[in-house]
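Visitor: sequence unavailable; structure follows:
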């Protein structure tokens, strides 16, 4: 059983972005594992902070008299697999940020995020009443009310964001017009979409003979209601990695070799649009939400040397 634990403190600051060593108390030695979240005294004041165990060792890196002791294992914490810790190191190296930020990215989510709601303003008055009220607002120089009502007469429905940002009309005006019976407020659930929707110009492409043959094969299977997996050859960025929400996405194959001839273990991880990371046990996944999906291959040889590769799929 290890005597010491190297811990990343739960503070995202570059000057503290390194492991701190703590002594493992006797009662925790049988149960403490790499990836657990623990409570430790930190700094000269000894304030209690959470941290993540990234290594267990019998070798003290400092004067043992100065090494503080772990207070306890945090309750309701989610232990991180050693592979995810290695993945966090890789993310820090390749994408920047601190180790603490990377660890928080790979930690499984413990609770659901509250759904966000958006307001929709709907014209409640009939056309004649609305026109009369608009004339009254203009006569009294109620500029904001007139601007909002004019837009509602034209569009019938407006999102709360448009009213606030484009029309520059505050909530007090909206509530006042609601009391007058001019409009109603409807709330809808707003699903997170991290991919900015872009309007694209319609373009026509002249396909080569081989490209047309591939398109014909896909369309033929679709007409006959057959589903298949198609390997399309092309350069990165040619469009193979853009799918629609609801599509089943096949994982690209991989080839791993080791110069010593030893066996290599490969696991495949998937980063979801909401930043969760899950281990893939099947050769495909379903794009259930819009956003970026990152497929990460993690290879480990018999000597413990890791290697990584990744690519992205965007669902719209």
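Guide: Sure thing, it's come through. Just so you know, these numbers come straight off a predicted model, no measurement behind them.
Visitor: report the secondary structure state of residue 216.
Guide: Secondary structure assignment for residue 216 (DSSP: H, G, I helix; E, B strand; the rest coil): helix.
Visitor: what are the phi and psi values at the residue of the chain most remote from its centre?
Guide: Here the centre of the chain is the reference, and by CA atoms, centre = their mean the most remote residue is residue 139, at 50.6 Å. Backbone torsions for residue 139, taken as degrees, to the nearest 10, come to phi -60, psi -40.
Visitor: now do it against residue 133, distance only.
Guide: Residue 139 sits 11 Å away from residue 133, going by CB to CB, to the nearest Å. (C-beta placed from N, C-alpha, C; glycine too.)
Visitor: quick check: neighbours shared by those two?
Guide: Among the neighbours of residue 139, none is also in contact with residue 133 (CB atoms under 8 Å, 6 or more residues apart in numbering).
Visitor: look up how far residue 146 lies from the residue farthest from the centre of the chain.
Guide: Taken as CB to CB, the span from residue 139 to residue 146 is 9 Å.
Visitor: now list whatever residues contact both of those two.
Guide: Common neighbours of residue 139 and residue 146 (CB under 8 Å, 6+ apart) do not exist.
Visitor: in the stretch 51-200 of the chain, which spans are strands?
Guide: Remark: strands assigned in the stretch 51-200 of the chain by DSSP state E, counting those that start in this stretch are 72-73, 116-123, 157-159, 183-190.
Visitor: who does residue 250 form a beta bridge with?
Guide: According to DSSP bridges, the partner residues bridging residue 250 are residue 284.
Visitor: can you tell me how far it sits from residue 242?
Guide: From residue 250 to residue 242 the distance is 14 Å (CB to CB).
Visitor: do residue 290 as well
Guide: Residue 290 is 11 Å from residue 242, by CB to CB.
Visitor: and if you look at residue 184?
Guide: 38 Å.
Visitor: just name the most buried of the strands of the stretch 51-200 of the chain.
Guide: For these, the largest average neighbour count (mean count of other CB atoms under 10 Å) is found in strand 157-159, namely a mean of 17.
Visitor: pLDDT of it, averaged?
Guide: Across strand 157-159, pLDDT averages out at 91.
Visitor: pull up the pairing partners for that strand, direction included.
Guide: Sheet pairing for strand 157-159, assigned by DSSP bridges, gives strand 116-123 (antiparallel).
Visitor: tilt between the strand it pairs with and strand 183-190?
Guide: 150 degrees (axes from the mean of the first three to the mean of the last three CA atoms, to 10 degrees).
Visitor: who touches strand 116-123?
Guide: 130, 148, 152-153, 156-161, 163, 174, 182-190, 192.
Visitor: mind redoing it with 10 Å?
Guide: Residues outside strand 116-123 that contact it (CB atoms under 10 Å, 6 or more residues apart in numbering): 129-130, 148-149, 151-164, 167, 169, 171, 174, 177-178, 182-192.
Visitor: now that strand, how far from the chain's geometric center?
Guide: Computed by CA atoms, centre = their mean, to the nearest Å, the chain-centroid distance of strand 116-123 equals 25 Å.
Visitor: mind listing what the residue nearest to residue 1 when sequence neighbours are not counted touches?
Guide: Excluding its sequence neighbours, the residue lying closest to residue 1 (CB to CB, 6 or more residues apart in numbering) is residue 29, at 4.1 Å. The contact partners of residue 29, by CB under 10 Å, 6+ apart, come to 1, 2, 3, 56.
Visitor: and residue 131, by the same measure?
Guide: So residue 131 contacts 125, 149, 150, 153 (CB under 10 Å, 6+ apart).
Visitor: what's the pLDDT at the first one?
Guide: The predicted local confidence for residue 125 comes out at a pLDDT of 92.
Visitor: any idea how far the nearest residue to it once chain neighbours are set aside lies from residue 310?
Guide: Leaving aside its chain neighbours, residue 125 sits nearest to residue 182 (5.0 Å; criterion: CB to CB, 6+ apart). Distance, residue 182 to residue 310, using CB to CB: 53 Å.
Visitor: neighbour-wise, which of these two wins?
Guide: Legend: neighbour count by other CB atoms under 10 Å for residue 182 and residue 310, higher for residue 182 (22 against 14).
Visitor: OK, contacts around the more buried one?
Guide: Contacts here follow CB under 10 Å, 6+ apart; on that basis residue 182 touches 121, 123-125, 129-130, 133-134, 137, 145, 148-149, 152, 174, 176.
Visitor: any idea where the helices of this protein begin and end?
Guide: For the chain, the helices defined by DSSP state H occupy 82-95, 99-106, 127-139, 143-155, 160-161, 171-179, 209-223.
Visitor: so which elements touch the first one?
Guide: It refers to helix 82-95. strand 47-57, helix 99-106, strand 264-271, strand 277-280, strand 291-301, strand 306-315 (3 or more CB pairs under 10 Å, 6 or more residues apart in numbering; DSSP states H and E).
Visitor: go on, the second one?
Guide: Packed against helix 99-106 by the contact rule (3+ CB pairs under 10 Å, 6+ apart) you find strand 4-9, strand 47-57, helix 82-95, strand 264-271.
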